[in-house]
Structures are given as C-alpha cells and as structure tokens.
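Trainee: prediction below, plus the sequence it came from.
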Amino acid sequence: MNIVVLDGYAANPGDLCWDELQALGECTIYDRTAPAEVLERAAGAEILLTNKTVLTAEHMAALPELKYIGVLATGYNIVDTAAAKERGIIVTNIPAYSTDSVAQMVFAHILNITQQVQHHSEEVHRGRWTASKDFCFWDTPLIELREKKLGIVGLGHTGFTTARIAIGFGMKVCAYTSKTNFQLPPEIRKMELDELFRECDIISLHCPLTDSTREMVNAERLRLMKPTAILINTGRGPLINEQDLANALNNGTIYAAGVDVLSQEPPRADNPLLSARNCYITPHIAWASTAARERLMQIMLENIKAYQDGKPVNVVNK
C-alpha cells in the first residue's frame, strides 16, 4: 500500500514520530508540497494525506490509484469532496483532537487583553517598574471577567468547552446555536446572533466557514457591539471582514480583538489587522499543542487502519 504525506511538517515538525504510519505500507513523507508538485509526488499513491495542500477534481482525475484522502485537520474545505465521492475516493478528517487546546487559546487571548499581560511585561522589561515611585503600576484598564457576558457563536465541542471555562470564571454565557433550549444546560442562554453581538462583552467565534457565515462579522454587525467589547476568533479567518474589523478597532467602535486565524495564511504584509489598534494576533497555533498533535497523529492512524479493514470512520463525503 503506497502512502504519501504531502505536507507533514505542521503536524510533526520533528518532535513526534512517523514510525507507526510507515509500518502500514510504503510511505513517503514531504514537509511541504507546492501546487505544481502535487501530481508528481502523489503519483501511484493509494492513500494521500494532506493538511493544507489543496486537492482538486483535476488532481483526482489524474491519480487513478487514489482510493483514500486523509485530511490532517478537522476542516476539509481544501479537498473537493464531491469530486472524491464521484470517483469512490474516501475522504476522512480528524475531529475534536484540539478542542481543549483551542479553548485554552481563547482564554489566553481573553486574559491577555483583559489583564494586558503582554503590554505590562514589555513595560517592565523597558525599565518602567524599576523606575516606578510606587510598588506597582498599570496604564490600561484591568478588566475582571466575573459577571461579564461571553457570547459564543457555534456551540460544538470547542464552543462548549469554552463555555465551561467561562462558567468557571463566573461569567454569564450566551450562545448562538442550532441546539434547542432543552439541549442546553441552564448556565447557557440561547440568543439570536444580532442580540448576542449587541449584549455581550466578549464574542468568541466557533462556527464552521460556510457561505452563510463568511464575513458574518462585518461593519454592520460590529456597530452593534459595545465600545468596550472584545472579539475573539480561533475559528476561521474568513468569518471576519478584516478591513471592517480594523476600522472598528481604529475608530473605537470596539475595544480589542484577539485572533489566531486570518483570511490568508501566512498573511499579506498589507493585511489591515497587522497594524490595527488593540489587535492581538497569534499565528494559527491554537491547535498545535504537543498533546493535540499527538492526538491528531493517533486518530490519523486509527482512520487509516479502519479504512484498511474495510470499515472507514470519520468519513466526510458519504
């Protein structure tokens, strides 16, 4: 069985092991694959593993031996799943491997913004505490989370885990979700989307990227938010119109934003969020804790073994 990994570096930059995968068949692992290299490298593969390398209908048409595509992530929009289904190619993903790590990053951003951790640490290293006349100093608002309203857009695994953490902080949790009130615990209040943006102190995005959610955060919706509000995005970059968010931050429509994802990654140098006021950006690392990547690798192996046994799991193109 010929297995090719097109872009394995992100999931395993060298601190994990490919041995168990290599034991399943003839295996070739590439750190990265450019679009022009896909067909040459994938030729003859029965199993193709990809993280962010795009696989199109044209690729599949030119790869007659291909029977299985394993996406090394939860999102699978980089694969033409309809074309794969037409050709009888199984496509799997890796769900829920990074739930706890992503929820942790949500609060890393929330706590950094509300306590201004990064800013005050930088000021201490510049000598301001050494030169202070008092035993302490701060020059930004320090915001307590208790009784603040957290609005969660999308209450799947990560959204619900984020809600549980918020409840631990004594926050009031609201959610825009397809779940009914009967399916929600009493600590979570269901809201319509605009009501959520209007009432909540912090909004955290956890919904998938679809035609209906693309740029759901735009100038109109940002104007609904409080001037003290904070926006967090660990979901998908295109959920936000980035120019509209930059404008809202720069003109004080909202207070701050913390994002781990952007519409283009790596971002262009002229991305407006890179220079926006009170915009804190991490380079798409919420998923990348060692524990989460170990789970990803284990689920990848389980997916392939299930396929080999004729009982595929986590199939996204049934």
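Mentor: That came through, no problem.

Trainee: what ranges do the strands span in this structure?
Mentor: Taking DSSP state E as the criterion, the chain carries its strands at 2-5, 26-29, 47-50, 68-71, 90-92, 149-153, 172-176, 188-190, 202-205, 230-233, 256-259, 279-281.

Trainee: so for residue 315, which of those strands sits nearest?
Mentor: Taking CB to CB, strand 90-92 is the member of these nearest to residue 315, at 5.6 Å. C-beta here means a position set from N, CA and C on the backbone, and glycine is covered the same way.

Trainee: residues contacting that closest one, please?
Mentor: When contacts are defined by CB atoms under 8 Å, 6 or more residues apart in numbering, strand 90-92 is touched by residues 67-71, 76, 79, 81, 84-85, 303, 307, 312-317.

Trainee: and if we set it to 10 Å?
Mentor: 47-50, 55, 66-71, 76, 79-85, 299-300, 302-304, 306-307, 312-318 (CB atoms under 10 Å, 6 or more residues apart in numbering).

Trainee: and those, which of them are buried?
Mentor: With burial judged by 16 or more other CB atoms under 10 Å, the buried subset of the contacts of strand 90-92 is 47-50, 55, 66-71, 76, 79-81, 83-84, 299-300, 303-304, 306-307, 312, 314-317.

Trainee: how about the CA coordinates for stretch 184-192, as CSV?
Mentor: The C-alpha trace of stretch 184-192 is given here as CSV (Å, rounded to 0.1, in the frame of the first residue of the first chain):
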residue,chain,number,x,y,z
LEU,A,184,-28.6,23.5,26.7
PRO,A,185,-27.6,23.5,30.3
PRO,A,186,-29.2,26.1,32.5
GLU,A,187,-25.9,28.1,32.6
ILE,A,188,-26.1,28.8,28.9
ARG,A,189,-28.7,31.2,27.5
LYS,A,190,-29.6,30.9,23.8
MET,A,191,-29.7,34.2,21.8
GLU,A,192,-30.2,35.3,18.2
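
Trainee: buried residues, that stretch. List them.
Mentor: 184, 188, 190-191.

Trainee: with stretch 213-233 instead?
Mentor: 213, 216-217, 221-222, 224-226, 229-233.

Trainee: using CSV, write out every CA atom in that stretch.
Mentor: Extracted in CSV, the C-alpha atoms of stretch 213-233 (Å, rounded to 0.1, in the frame of the first residue of the first chain):
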residue,chain,number,x,y,z
THR,A,213,-21.0,32.5,7.8
ARG,A,214,-18.4,34.0,5.5
GLU,A,215,-17.7,37.6,6.7
MET,A,216,-20.5,37.3,9.3
VAL,A,217,-18.5,39.8,11.3
ASN,A,218,-18.7,42.9,9.2
ALA,A,219,-19.2,46.7,9.7
GLU,A,220,-22.9,46.4,10.3
ARG,A,221,-22.5,43.7,13.0
LEU,A,222,-19.5,45.4,14.6
ARG,A,223,-21.6,48.5,15.0
LEU,A,224,-23.9,46.5,17.2
MET,A,225,-21.2,45.8,19.7
LYS,A,226,-20.3,47.8,22.8
PRO,A,227,-17.3,50.1,22.6
THR,A,228,-15.8,48.1,25.5
ALA,A,229,-16.4,44.8,23.7
ILE,A,230,-13.8,42.2,22.7
LEU,A,231,-13.9,39.9,19.7
ILE,A,232,-12.0,36.5,19.7
ASN,A,233,-11.6,34.3,16.6
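
Trainee: so for stretch 27-39, mean pLDDT?
Mentor: Throughout stretch 27-39, pLDDT has a mean value of 98.
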